[in-house]
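Peer 1: Here's a sequence, model it:
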Amino acid sequence: MRILHLHSSFDRGGKELRAARLMNAFGRGIEHHVVSAVPGALAAAQAVDREIKAVYPDDFPSLVGKPTPGRLQKIAAAMRPFDLVLTYNWGAMDAVMAHTVFRDIQKLPPLVHHEDGFNEDEAEKLKATRNWYRRIALGRAAALVVPSRKLEAVALGPWQQPRGRVHLIPNGIPLAAYAKKPKPDALPRIVKRPGERWVGTLAGLRAVKNLPRLVRAFAGLPAEWQLVILGDGPERDAIKAQALASGVADRVHLPGFAPDPAKAVGLFDVFALSSDSEQFPISVVEAMAAGLPVASPAVGDVAQMVADANRPLICAPHDDAALADVLLRLANDAALRSTVGAANRAHASAHYDEAAMIAAYSGVYAQAMGIAKFP
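Peer 2: A predicted model of the protein is given here:
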């Protein structure tokens, strides 16, 4: 079986690492061809097991450009040798359009599209032209997979997708891996010292994550608290500048990307998000599995993801002061941290097991291909 993956980017992020985990779970009987709309953005390939047959072609037609008939025809022709095409996010939408236009003429394999959220250009408001383009492009997709109820509502509403095409599959993780407390020196370039408390997050250092907001909200915490931001991206200098301006540069740490979150998240005492836009962030599930309380704006499905005990700690979006109040409340109340963290761990165990997610994706792909079982 040959599967073509067309990504907006295959750098390390939530959807990319989920795709890598699914590739690993599906086993060695599949040959995966992975294309990134951003040339060279393939860092998530490191998460694909070595025994998995994965190819990263550099001669696939560009996923970026004007959607002219000639360009779309070239993309469509490049899909023909595969048994299934998987596309991801807006950056691959021209490929989805190519499939819809040329599916019957070129006898193309079935296509399943995945949407996981929006960048800063649609964080506040969806673009009408993109809504229109998606409606048409998705017209012959076998399925549209989304991880959040908010995205499900968008798919059924502005994108006008039929109910039978839209599949809500919440993100899952290997829960058992998060049960063990990591060693204080588990992270590179930083060690958790006795007496320290950590507010932590896992996020791509991108503008939509608004990590300078997290720095500002953190700045009022007592001196024993440190802020640890795990991730890479173009906003590193902006975060450092905000830490300096807020007078906490000595307590804000950016040790880089954590390839194995299970060996890192448990070092945190509080998990925090500050994003302008999210849908169903895997990092929140990871924090819950590690038994942490979550402080976050009410973006995407976050308020519905966490345990009931954690919901009062989900604050208004775009509000530095509200996030700062939640962080201070958690910093000053160890019992609250413990109670909420335990409730989150129990909730994650009940709802976010990776096995259920893998089974759901297998079912969608099998249905798309018209086979009894996938792979």
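Peer 1: Only the buried residues of stretch 301-313, if you could.
Peer 2: By 16 or more other Cβ atoms under 10 Å, the buried positions in stretch 301-313 come out as 301-303, 305-307, 309-310, 313. (Each C-beta comes from the backbone N, C-alpha and C, glycine too.)
Peer 1: next one: stretch 29-38
Peer 2: For stretch 29-38, burial by neighbour count (16+ other Cβ under 10 Å) applies to 30, 32-37.
Peer 1: Restricted to helices, list the residues you listed.
Peer 2: In helices, defined here by DSSP state H, there are no members of the buried residues of stretch 29-38.
Peer 1: could I get those residues as JSON lines with distance to residue 240 and pLDDT?
Peer 2: Below are those laid out as JSON lines (distance: Cβ to Cβ, whole Å; pLDDT from 0 to 100):
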{"residue": "30", "distance to residue 240": "42", "pLDDT": "97"}
{"residue": "32", "distance to residue 240": "37", "pLDDT": "98"}
{"residue": "33", "distance to residue 240": "38", "pLDDT": "98"}
{"residue": "34", "distance to residue 240": "33", "pLDDT": "98"}
{"residue": "35", "distance to residue 240": "34", "pLDDT": "98"}
{"residue": "36", "distance to residue 240": "28", "pLDDT": "97"}
{"residue": "37", "distance to residue 240": "29", "pLDDT": "95"}
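Peer 1: quick one: which of those is nearest residue 257?
Peer 2: residue 36 (16.8 Å; Cβ to Cβ).
Peer 1: Remind me which helix or strand the residue nearest to the closest one when sequence neighbours are not counted belongs to.
Peer 2: What sits nearest to residue 36 in space, not counting adjacent residues and going by Cβ to Cβ, 6 or more residues apart in numbering, is residue 10, at 4.3 Å. Using DSSP states H and E, residue 10 sits within no helix or strand.
Peer 1: Correct me if wrong: residue 10 contacts residue 47.
Peer 2: No - the criterion here is Cβ atoms under 8 Å, and residue 10 misses it with residue 47 at 10.0 Å.
Peer 1: between the two, what contacts are shared?
Peer 2: Shared contacts of residue 10 and residue 47 (Cβ atoms under 8 Å, 6 or more residues apart in numbering): residue 16.
Peer 1: So if I had to pick from these two, which one is more boxed in?
Peer 2: residue 10 (28 against 18; other Cβ atoms under 10 Å).
Peer 1: Return the list of helices and strands in contact with the helix or strand harbouring residue 96.
Peer 2: Secondary structure assignment for residue 96, by DSSP H and E: helix 93-106. When contacts are defined as 3 or more Cβ pairs under 8 Å, 6 or more residues apart in numbering; DSSP states H and E, helix 93-106 sits against helix 69-79, strand 84-88, strand 111-114, helix 128-137.
Peer 1: Send me it as CSV with only the CA atoms.
Peer 2: C-alpha atoms of helix 93-106 as CSV (Å, rounded to 0.1, in the frame of the first residue of the first chain):
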residue,chain,number,x,y,z
MET,A,93,-5.8,22.9,-0.3
ASP,A,94,-4.6,23.3,-3.9
ALA,A,95,-3.9,19.6,-4.0
VAL,A,96,-7.5,19.0,-2.7
MET,A,97,-8.8,21.2,-5.5
ALA,A,98,-6.7,19.3,-8.0
HIS,A,99,-8.1,16.1,-6.8
THR,A,100,-11.7,17.3,-7.1
VAL,A,101,-11.2,18.7,-10.6
PHE,A,102,-9.3,15.8,-12.1
ARG,A,103,-10.4,12.8,-10.0
ASP,A,104,-12.5,11.1,-12.6
ILE,A,105,-10.5,12.1,-15.7
GLN,A,106,-7.2,10.8,-14.2
